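K.L.:
This is the structure alone, sequence omitted:
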Ligand code: NDP
């Protein structure tokens, strides 16, 4: 029987997952089709119920549904529960299991592509949404010495700190309002800066909130945004002598971890990277014509 997978989000025009997941499935000659399943909030419950169907293996979940699907799961993995967000659903005999592979995706890219070990290091995280929660959870688990979370809405940053604070161990986790004085107070001591806001992504009018003049040579500037491949933040950080890392490796690694949960097979990473880069370039070409 032909099996189905898909990504649930809204809107989904820019999602790269259908391109690189299908390329991986085809490469391994699996009889599985991966589709985009655009789902507005009022259709989420029906969509998730449909995942219990016999031919459905599961789904990815993206903006804006990662938090909303969590209570709809029959089982939630420990990391997903900690983060408070599910990005991967597996249908096992009509029971839905929720996972969060953003955490492993982020940490793998940080280590393998950024060459950065977080233990004992000082980090500034811009943003406090679902992406930031996965980032902070991963960094705490890896033993970061301090994490400062700076977000436009301070109450959301405070909520993140409240939920993840119990996992900080000996590390320090705090929230700061999005003011220049906050940035000045933490950037001087920072080894890693992670942008987890949506600013800088294609089609997003507003500029990055991160004060470029505080970026120093030697720090790693990691932008979760993957479209465009080189964001304005990355370009300015590079000019100022910092090392930079974009969001594409994290996207592919989180997708590879999802792929392995659904299929039980090792994900063909090279195939996934090629397809993701191809889809990104195609999106840019379409945007220009
Ligand atoms: P959310 O919608 O959960 O959070 C958005 C964040 O961006 C919030 O902190 C929000 O602040 C902030 N923000 C939005 N607009 C502005 C603005 N104009 N000025 C300042 N801050 C702003 O999204 P996610 O956390 O899921 O995703 C955030 C970004 O990270 C997206 O670009 C997404 O594509 C990317 N991402 C990439 C991944 C990858 O695999 N590479 C994985 C996950 C995310 P506030 O709370 O004040 O609204």
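P.N.:
Good, I have the coordinates. What you are looking at is a predicted structure, and each value in this text was computed from that prediction instead of being measured. Residues are numbered from 1 along each chain as shown.

K.L.:
how about the residue of the stretch 1-150 of the chain found nearest the ligand, what does it touch?
P.N.:
Evaluated by Cβ to the nearest ligand atom, the stretch 1-150 of the chain has residue 129 as its residue closest to the ligand, separated by 2.1 Å. For glycine as for every other residue, the C-beta is placed from the backbone atoms N, C-alpha and C. The contact partners of residue 129, taken as Cβ atoms under 8 Å, 6 or more residues apart in numbering, are 156, 196, 197, 198.

K.L.:
How about residue 138?
P.N.:
Neighbours of residue 138 in contact, by Cβ under 8 Å, 6+ apart: 103, 104, 106, 107, 110, 118.

K.L.:
For the residues you listed, which entry has the maximal number of neighbours?
P.N.:
Taking other Cβ atoms under 10 Å as the neighbour criterion, residue 106 ranks highest of the contacts of residue 138 with 27 neighbours.

K.L.:
Need the phi and psi values for that one.
P.N.:
Reported as degrees, to the nearest 10, the phi and psi values for residue 106 are phi -60, psi -50.

K.L.:
follow-up on the earlier one: JSON lines please, covering the contacts of residue 129 and showing secondary structure, neighbour count and pLDDT.
P.N.:
JSON lines is the format used below for the contacts of residue 129 (DSSP: H, G, I helix; E, B strand; the rest coil; neighbours: other Cβ atoms under 10 Å; pLDDT from 0 to 100):
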{"residue": "156", "secondary structure": "helix", "neighbour count": "16", "pLDDT": "96"}
{"residue": "196", "secondary structure": "coil", "neighbour count": "24", "pLDDT": "96"}
{"residue": "197", "secondary structure": "coil", "neighbour count": "27", "pLDDT": "95"}
{"residue": "198", "secondary structure": "coil", "neighbour count": "15", "pLDDT": "91"}
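
K.L.:
among the residues you listed, which are in reach of the ligand?
P.N.:
When Cβ under 6 Å from any ligand atom is taken as the criterion, the members of the contacts of residue 129 that contact the ligand are 156, 196, 197, 198.

K.L.:
burial count for the residue nearest to residue 72 when sequence neighbours are not counted?
P.N.:
Distances taken as Cβ to Cβ, 6 or more residues apart in numbering place residue 48 nearest to residue 72, at 4.7 Å, with adjacent residues excluded. By the other Cβ under 10 Å criterion, the neighbourhood of residue 48 contains 21 residues.

K.L.:
what does residue 100 give?
P.N.:
Number of residues near residue 100 (other Cβ under 10 Å) recorded here: 30.

K.L.:
what's the closest non-adjacent residue to it?
P.N.:
Here the residue nearest residue 100, using Cβ to Cβ, 6+ apart, is residue 80, at 3.9 Å.

K.L.:
And residue 60, by the same measure?
P.N.:
Closest residue to residue 60 in three dimensions, ignoring its sequence neighbours and counting by Cβ to Cβ, 6+ apart: residue 7, at 4.3 Å.

K.L.:
For the stretch 1-150 of the chain, what lies in contact range of the ligand?
P.N.:
63, 102, 105, 127, 128, 129, 130, 131, 132.

K.L.:
mind redoing it with 8 Å?
P.N.:
If contact is defined as Cβ under 8 Å from any ligand atom, the residues of the stretch 1-150 of the chain in contact with the ligand are 62-64, 66-67, 85, 87, 102, 105-106, 126-134.
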